[in-house]
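> Quick one, fold the following:
(2 chains)
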Amino acid sequence: AQSVTQPDIHITVSEGASLELRCNYSYGATPYLFWYVQSPGQGLQLLLKYFSGDTLVQGIKGFEAEFKRSQSSFNLRKPSVHWSDAAEYFCAVGIKRSGGGADGLTFGKGTHLIIQP
Amino acid sequence: SQTIHQWPATLVQPVGSPLSLECTVEGTSNPNLYWYRQAAGRGLQLLFYSVGIGQISSEVPQNLSASRPQDRQFILSSKKLLLSDSGFYLCARSSATRWETQYFGPGTRLLVL
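As a prediction, this is how the structure comes out:
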């Protein structure tokens, strides 16, 4: 079965500094890859997704992520964080399947981002 | 726009009581619908998904059940709540053709005492 690891439970970054959140997955092939953000007490908002092609994907709110097949990683980055970026970030994978139907995503346990003034 | 509503937003229930959480979707037809649970300190766990009216797939054996009485309505139920049922319940939708791109509702916070 596939799994997702977010090794950092908490990360503290100063406002204006760069950010990188790590995500590693375990699966025999390349899955669909996602990053979601969750503000306190809210649902999840999709930041970006990777299906195939260019390994650097751009998302909303100035975020980007890079897929590295050799490292089974999909790290999220932002060049300059804002106080409003403080939230919980989740990496998720979906297993490619042929035909129709549906399936759930497998999520990491999340990284809590704290922004220092 | 395609909107997901979840009702209620917050719920406090005693152990052993029944449960009914509702999810409704606007602006799309024949969506795939999902129930996830987020427990404290954990990621999201898929509970159920549905590809159409009356079609429910269960991922985790438990005392919860799901139903889809209408195309845009997905209900999560329990006959008797357990303490371990406490958590944040999220409904999600996707299109029938792109199941993997899932959009989430605002969630229902359930506390079982």
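
> how about the nearest residue to the residue of chain B found nearest chain A, chain neighbours excluded?
Shortest chain B-to-chain A distance, computed as Cβ to the nearest Cβ: residue-wise this is B:Leu46, at 3.0 Å. Every residue, glycine included, has its C-beta placed from N, CA and C. Residue nearest to B:Leu46 in three dimensions, not counting chain neighbours: A:Gly104, with 3.0 Å by Cβ to Cβ, 6 or more residues apart in numbering or on different chains.

> Quick one: neighbours of the one you found, just the number.
24 (other Cβ atoms under 10 Å in any protein chain shown).

> Same question for B:Ser29.
9.

> What's opposite residue 36 in the beta bridge?
All of this refers to chain A. A:Leu46, A:Phe90 (DSSP bridges).

> that's the wrong chain, I meant chain B
B:Leu46, B:Leu90.

> mind listing what's buried in stretch A:15-34?
In terms of neighbour count (16 or more other Cβ atoms under 10 Å in any protein chain shown), stretch A:15-34 has its buried residues at A:19, A:21-25, A:30-34.

> From B:Leu64, how far off is A:Asp85?
Using Cβ to Cβ, to the nearest Å, A:Asp85 is found at 34 Å from B:Leu64.

> Hmm, I typed the wrong one, I wanted B:His5.
Going from B:His5 to B:Leu64 by Cβ to Cβ gives 20 Å.

> Which of those two has more residues huddled nearby?
Neighbour tally, B:His5 and B:Leu64, criterion other Cβ under 10 Å: the higher count belongs to B:Leu64, 21 against 14.

> list the contacts for the more buried one?
Listed by Cβ atoms under 8 Å, 6 or more residues apart in numbering or on different chains, the contact set of B:Leu64 reads B:19, B:47-48, B:76-78, B:85.

> can you tell me which of those are in strands?
B:19, B:47-48, B:76-78 (DSSP state E).

> Among these, which pair sits farthest apart?
B:Leu19 and B:Phe48 (13.6 Å; Cβ to Cβ).

> Name the residues contacting each of those two.
Joint contacts of B:Leu19 and B:Phe48 (Cβ under 8 Å, 6+ apart) are B:64, B:76.

> What is the helix or strand containing B:Gln6 packed up against?
Per DSSP states H and E, B:Gln6 falls inside strand B:3-7. Where contact means 3 or more Cβ pairs under 8 Å, 6 or more residues apart in numbering or on different chains; DSSP states H and E, strand B:3-7 is packed against strand B:19-26, strand B:87-94.

> Include mean pLDDT and mean neighbour count when you put these into a markdown table, please.
As requested, these are exported to a markdown table (pLDDT from 0 to 100; neighbours: other Cβ atoms under 10 Å in any protein chain shown):
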| stretch | mean pLDDT | mean neighbour count |
| --- | --- | --- |
| strand B:19-26 | 97 | 18 |
| strand B:87-94 | 96 | 23 |
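
> out of the ones you listed, nearest to A:Leu46?
strand B:87-94 (10.1 Å).

> tell me which parts of chain B are close to chain A?
Chain B comes close to chain A at residues B:4, B:32, B:34, B:36, B:41-46, B:49-51, B:57, B:59, B:90, B:94, B:96-97, B:99-107, B:109, as judged by Cβ under 8 Å from any Cβ of the partner chain.
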